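Chemist: What follows is a protein structure lacking sequence information:
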């Protein structure tokens, strides 16, 4: 395993994703539904709070102009049959108003890595990425709730 590049993990995305911050960009009731679990400080699982159904994987990092290896997250998403994205973010010069310990986020470069991987990065504002998360989660939750197990008709 390679050594850590930085001694401290940037927590700007976690602060940005919290209700107090993200409700600046979407309706408060939508912000409360955006539940995520930090899997390793850079990969987040969006999930439905009530049912604990995983809805999406998102790998995040500070944007320094890099490409991001996506083989593992794509494989996990394919096995779980949920979408996966990479979201690289740029810091704002201002602190996050909901958690002043971390810089706010000025913008994102986003790519879907599974299914149908995107070749080109999309530049999104914080508002656009927050709205996209709401849409992705809504689509995936509807998909998950429509599925029946093979033996459901036996009951």
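Modeler: In hand now; what should we look at? A quick note: this is a predicted structure, and the numbers were derived from the prediction, not measured.
Chemist: can you give me the helices for this structure?
Modeler: For the chain, the helices defined by DSSP state H cover 12-17, 19-22, 28-33, 71-80, 126-146.
Chemist: so of those helices, which one's packed in deepest?
Modeler: Across the helices of the chain, the average number of neighbours (mean count of other C-beta atoms under 10 Å) peaks for helix 12-17, which reaches a mean of 22. The C-beta positions use only the backbone N, C-alpha and C, and glycine is treated the same way.
Chemist: circling back to that earlier point, what about the helices of the chain, which gets the closest to residue 48?
Modeler: Across the helices of the chain, residue 48 has its closest neighbour in helix 126-146 (5.6 Å, C-beta to C-beta).
Chemist: Please state the offset of that closest one from the chain centre?
Modeler: Here the centre of helix 126-146 is set off from its chain's centre by 10 Å, with C-alpha atoms, centre = their mean, to the nearest Å.
Chemist: which residues are contacting it?
Modeler: The contact list for helix 126-146 (C-beta atoms under 8 Å, 6 or more residues apart in numbering) reads 16, 22, 24-26, 30-31, 33-34, 46, 48, 53, 55-56, 82-83, 85, 87, 104-108, 110, 124.
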